[in-house]
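In: No sequence on hand, only this structure:
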């Protein structure tokens with residue numbers, strides 16, 4: 001069963017500022033996007049068309065016409081924001097591509113770079129690396145001649161990577177996409193780790209055929225990139241939420257592409273009195289992984305955790321490290337459940353061990369025992 005977003009949530013989503021749009025105020029994301037596009041234009045000496053279309057798209061354009069299977073997991077209500085049975089908030093800016101290709105005359109002479117930037121709408125939990133409405137750009141070179149090859153694709157990747165991270169090492173890992181052939185995921189080296197920057201490939205013959213363009217005559221390249229992550233990597237930011245902050249010390253740094261100058265943080269230690277517990281020495285750390293708001297959870301998840309509209313779902317990780325012995329899974333599960341009962345305020349419980357029902361031990365009892 002598909003879950004539809006409420007009218008209030010739709011209004012809220014459509015009112016989010018698009019940081020790629022100069023008409024909504026200056027932002028460093030626009031400068032980075034301009035650098036990427038200008039480098040590609042110089043590389044190919046081609047026409048460029050920037051398109052900003054409605055965030056509300058037909059489900060067919062977002063999925064079916066791009067070749068997504070009917071049972072593709074990305075269609076699930078856990079990941080997509082449906083307005084109705086046939087309409088949704090775009091989950092990627094590629095949703096415009098079928099309509100654009102359908103407007104092209106099969107007999108025309110075309111060599112064009114299509115630039116489609118904007119917000120896309122997901123159901124991601126909000127944390128340092130994810131938001132529910134990130135920015136994306138699709139870069140498609142469409143050519144009315146055959147023969148665009150993997151060599152051209154590699155040149156495109158090189159140009160994009162050099163625009164975002166001029167000195168970065170990059171790699172192309174094979175990846176499948178329903179609307180490309182010979183697809184890749186582009187990773188860049190950041191410190192000791194590889195991080196995904198973009199996905200790309202040659203435009204598939206099937207997509208061209210569905211758009212009434214002869215694949216023996218037409219060819220091209222397709223690349224999609226998350227602009228939030230690209231800007232974070234370029235400036236050295238460690239939290240995606242900084243891109244929208246109203247703090248003037250940070251906001252002024254988001255008007256250029258200069259390296260990030262960290263803003264001082266304030267830390268305070270809290271000393272509290274708690275009941276002594278023999279289990280206390282087992283806890284190494286507690287980490288808040290994410291906070292997900294009511295409107296960002298599908299109906300089934302809201303019901304499962306018993307979430308009210310004025311509440312949020314917090315994901316917390318405990319790291320347990322006993323000294324001098326090995327802890328069993330059963331012991332860890334019992335401790336996890338004790339902490340869960342002490343802090344969870346929802347009407348239903350999700351216990352791992354399951355030996356102690358919620359009703360038989362109150363949260364106050366558990367707090368005293370921790």
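Out: Everything's here; your move. On a predicted model such as this, the values are computed, not experimentally measured, just so you know.
In: okay, CA-based contacts and neighbour counts for the rest of this
Out: Noted.
In: Below-threshold pLDDT in the stretch 251-370 of the chain: ranges please.
Out: For the stretch 251-370 of the chain, the stretches with pLDDT under 70 are 265, 271-281, 295-296, 298-300, 323-324, 354-370.
In: in it, which spans are helices?
Out: Counting by DSSP state H, counting those that start in this stretch, the stretch 251-370 of the chain has helices at residues 299-305, 329-343, 363-369.
In: before we move on, what about the stretch 101-250 of the chain?
Out: Secondary structure of the stretch 101-250 of the chain (DSSP H, counting those that start in this stretch): helices at 150-164, 205-210, 227-235, 248-251.
In: Would you tell me which one of the ones you listed is buried the most?
Out: Burial of those is given as mean neighbour count (mean count of other C-alpha atoms under 10 Å); helix 227-235 ranks first at a mean of 21.
In: tell me what that helix is packed against?
Out: Contacts defined by 3 or more C-alpha pairs under 8 Å, 6 or more residues apart in numbering; DSSP states H and E place helix 227-235 against helix 28-44, strand 135-143, helix 150-164.
In: could I get those as TSV with mean pLDDT and distance to residue 94?
Out: As requested, those are exported to TSV (pLDDT from 0 to 100; distance: least, C-alpha to C-alpha, whole Å):
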stretch	mean pLDDT	distance to residue 94
helix 28-44	97	16
strand 135-143	97	6
helix 150-164	97	17
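In: wait, which of those is closest to residue 67?
Out: strand 135-143 (16.6 Å; C-alpha to C-alpha).
In: Please spell out the segments of the stretch 1-150 of the chain that come in under the pLDDT threshold.
Out: Short version for the stretch 1-150 of the chain, where the test is pLDDT under 70: 1-2, 124-128.
In: Please repeat the previous calculation with a cut-off of 90.
Out: Scanning the stretch 1-150 of the chain for pLDDT under 90 picks out 1-5, 9, 69-80, 106-108, 122-132, 147.
In: What ranges does it have for its strands?
Out: 47-50, 56-58, 81-82, 87-89, 111-119, 135-143 (DSSP state E, counting those that start in this stretch).
In: for the ones you listed, which one ends up most surrounded?
Out: strand 81-82 (a mean of 26).
In: Just put the helices and strands packed on helix 227-235 in JSON lines and tack on distance to residue 4.
Out: Output for these, formatted as JSON lines (distance: least, C-alpha to C-alpha, whole Å):
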{"stretch": "helix 28-44", "distance to residue 4": "31"}
{"stretch": "strand 135-143", "distance to residue 4": "22"}
{"stretch": "helix 150-164", "distance to residue 4": "36"}
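In: among those, which is nearest residue 78?
Out: Comparing those by C-alpha to C-alpha, strand 135-143 comes nearest, at 19.2 Å.
In: Next, the angle from that closest one to helix 28-44.
Out: 10 degrees (axes from the mean of the first three to the mean of the last three C-alpha atoms, to 10 degrees).
In: Just checking: what are the partner strands of strand 135-143?
Out: Applying DSSP bridges, strand 135-143 is found paired with strand 111-119 (antiparallel), strand 219-226 (antiparallel).
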